[in-house]
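Visitor: Got a sequence here, can you model it:
(one chain, ligands or ions: 1)
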Amino acid sequence: MDRHWQALHDHRKAAQGRSILSYFDAPDRARNFSASADGLLLDYSKTAIDEKARDLLLALYEAAGVPARREAMFTGARINETEDRAVLHTALRNPSAPVQLDGEDISAGIAETLNRMRRFAEGVRGGQIAGQGGAYTDVVNIGIGGSDLGPAMAALALAPYRDGPRLHFVSNVDGADIADTLAPLDPERTLIIVASKTFTTIETMTNAKTARDWMAARTREPARQFAALSSATDKITEWGIAEDHAFGFADWVGGRYSIWGPIGLSLMIGIGPERFDEFLAGGAAIDAHFRAAPAAENLPVLLALVGIWHNQICGYPTRAVLPYDNRLARLPAYLQQLEMESNGKRVAMDGRDLDLPSGPVVWGEPGTNGQHAFYQLIHQGTQIVPCEFILAARGHEPDLRHQHLLLMANCLAQSEALMTGRDLEAARKIALKSGASGDDLDRQARHRVFEGNRPSTTLLLEKLTPFTLGQIIALYEHRVFVEGAILGINSFDQWGVELGKELALAVEPLLRGDDAPGHDPSTRRLAEALREMGAD
Ligand code: F6P
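Guide: The predicted model follows:
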């Protein structure tokens, strides 16, 4: 592997000083550095990846044995080695395909759970499953991390397709979250879904109890207005939710990969089972493409190789995801968990320290809003931030097509401006027009220079629908998988979240004024200061 990394670094070094724009001297670069699949178009031509770099990246991909590891994942191998688990979220979106796990075909169980979800969702949407006051008007999903970010992101993304109860999402242990969410709701027509793979996460279980107290004070049979989603079905029963309102899933579904199964129940209630099936089909379409397409035409592979090039080769530590679609406003947050909880690792699968940068810091906001917030740094900062634009050709508001045109123009303009910039000559002309002259002209002009040469990719889709949202999520899931496989890390465990949880329990006594051993002087002093300030 080392020689592949070295060849890439050598190639990058040899190309230093070349502008991205200069690569377009090669004929048809825009087409040659784009790839399509099932209606998606990925353009990665506005990067410094040339033919040679792409060949070297593809050689790295092959040398890392990614194709074999991909098939191991799809066929139920326990690739999550530190937890000794298979990774089979892909099986959830193709329940008709048999998948053997430990000698047993799991597809029947997946299909049965999906059918139970469908019956429940149809019952809630049709009013046969109702609250004390009548058909449910509101559904509140209580969960955090993968038990929240996915359904919350998808509910917003697919808002035009919601023809069921309103969907709300509570995640933070800060009481403000659940208080503000429940305040305007009618308890007699509200369904509470407690979503937690472990059914032990302190934020979720605390919020669930608060919701149960709220419901008990206002309805006769509070337990009937709850449902639960978890791998720990025994804990659901202990907590007091009936089996017919409980939906289980196996431990081979990672939290941040779980929207495709019972964690997606709130979404299914909102948009209906048929559209949820379209969402699953979008994910399954990308699965088929990922398994079949040659690497050089494979969207998840190419997106991963662009990520490796920018982070591990060029040394750009962050990545901005900029969806030009207001309903994808929560996609960056979703991708933060998907990418950073999967690949934010410093130890390789074999236990050795990673001698490469781990996964990038992922961040972003929808366009055009980001243009009025942080694009100054992206265009003229000293650090380079690779940008990933996402844009649909059509919106959902037929009477506002003129606004969609502006949205598209801004998205394409930003990626062009990042690459081409503005040179000193052009900046001088602008400074002149603004009244600058003499010695001041050059100084004024220099502030108006755009260095350019800033890389971006653009992912185009026809329209944001359940199918295309499923494609986008699966595309990024497999991108994460390929990057992690090339780095040789386990993308499917998350030991890094444990220490904070443990310490939170140990700090709590300090805040109550009880003496608690240990803790550094700063933490002790902060706890004392909070008490002096009147901490509740
Ligand atoms: O962030 C840590 C984590 O374990 C995530 O991986 C998971 O999605 C989240 O907490 C919630 O876990 P659970 O679904 O078990 O409540």
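
Visitor: Contact residues of the stretch 201-350 of the chain facing the ligand?
Guide: With the criterion set to CB under 6 Å from any ligand atom, the stretch 201-350 of the chain comes near the ligand through Thr201, Thr204, Gly255, Arg256, Glu341. C-betas here are computed from N, CA, C, even on glycine.

Visitor: Tell me the buried residues within those residues.
Guide: Buried members of those, scored by 16 or more other CB atoms under 10 Å, are Thr201, Thr204, Gly255, Arg256, Glu341.

Visitor: which ones are touching the nearest residue to the third one once chain neighbours are set aside?
Guide: Put plainly, it is Gly255. Once flanking residues are discounted, Gly255 sits nearest to Gly146: 3.1 Å by CB to CB, 6 or more residues apart in numbering. Neighbour list for Gly146: Lys197, Gly254, Gly255, Arg256, Tyr257, Ser258, Ile259, Ile263, Gln337 [criterion: CB atoms under 8 Å, 6 or more residues apart in numbering].

Visitor: Adding secondary structure as columns, could you present those in a markdown table?
Guide: A markdown table is the format used below for these (DSSP: H, G, I helix; E, B strand; the rest coil):
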| residue | secondary structure |
| --- | --- |
| Lys197 | coil |
| Gly254 | coil |
| Gly255 | helix |
| Arg256 | helix |
| Tyr257 | helix |
| Ser258 | coil |
| Ile259 | coil |
| Ile263 | helix |
| Gln337 | helix |
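
Visitor: So which of those is the closest to Gly370?
Guide: Gln337 (19.9 Å; CB to CB).

Visitor: Output the residues of the stretch 201-350 of the chain next to the ligand as TSV; include the columns distance to Ala417 and pLDDT.
Guide: Below are these laid out as TSV (distance: CB to CB, whole Å; pLDDT from 0 to 100):
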residue	distance to Ala417	pLDDT
Thr201	43	95
Thr204	43	97
Gly255	38	97
Arg256	33	98
Glu341	33	98
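
Visitor: What is the nearest of those to Pro323?
Guide: Among those, and counting by CB to CB, the member closest to Pro323 is Arg256, at 18.4 Å.

Visitor: Pull the contacting residues for that closest one.
Guide: Residues near Arg256 by CB under 8 Å, 6+ apart: Gly145, Gly146, Leu149, Gly150, Gln337, Leu338, Glu341, Ser342.

Visitor: repeat for Gly421
Guide: For Gly421, the contact set (CB under 8 Å, 6+ apart) comprises Val449, Phe450, Glu451, Gly452, Asn453, Arg454.

Visitor: what about 6 Å?
Guide: Phe450, Glu451, Gly452 (CB atoms under 6 Å, 6 or more residues apart in numbering).

Visitor: which SS class is the last one?
Guide: Put simply, Gly452 is coil when judged by three-state DSSP.

Visitor: Wait, a strand at Glu203?
Guide: No. Applying three-state DSSP, one finds Glu203 to be helix, outside a strand.

Visitor: Not counting its neighbours along the chain, what's nearest it?
Guide: What sits nearest to Glu203 in space, not counting adjacent residues and going by CB to CB, 6+ apart, is Val173, at 4.0 Å.

Visitor: go on, His396?
Guide: Skipping the residues right next to it in sequence, His396 comes nearest to Pro160 by CB to CB, 6+ apart, at 4.3 Å.

Visitor: how close does the one you found get to Leu464?
Guide: 8 Å (CB to CB, to the nearest Å).

Visitor: again with Asp55
Guide: 34 Å.

Visitor: which one of the two has more residues nearby?
Guide: Neighbour totals were compared for Asp55 and Leu464, and Leu464 leads with 24 against 13 (other CB atoms under 10 Å).

Visitor: can I assume the more buried one is in contact with Ala392?
Guide: Yes. In this structure Leu464 lies within contact range of Ala392 using CB atoms under 6 Å: 5.1 Å.

Visitor: between the two, what contacts are shared?
Guide: Joint contacts of Leu464 and Ala392 (CB under 6 Å, 6+ apart) are Asp325.

Visitor: From Thr204, how far out is the closest residue to the ligand within the stretch 301-450 of the chain?
Guide: Proximity of the stretch 301-450 of the chain to the ligand (CB to the nearest ligand atom) peaks at Glu341, 5.8 Å away. In this view, Glu341 and Thr204 are 16 Å apart by CB to CB.

Visitor: Tell me the gap between stretch 118-129 and the middle of its chain.
Guide: Here stretch 118-129 shows a centroid-to-chain-centroid distance of 29 Å under the convention CA atoms, centre = their mean, to the nearest Å.

Visitor: gap between the two ends of stretch 76-96?
Guide: 16 Å (CA to CA, to the nearest Å).

Visitor: For the residue of the stretch 351-500 of the chain found nearest the ligand, which non-adjacent residue is closest in space?
Guide: Relative to the ligand, the nearest point of the stretch 351-500 of the chain is Val497 (3.9 Å; CB to the nearest ligand atom). Distance criterion CB to CB, 6+ apart; nearest residue to Val497, sequence neighbours excluded, is Glu341 at 7.3 Å.
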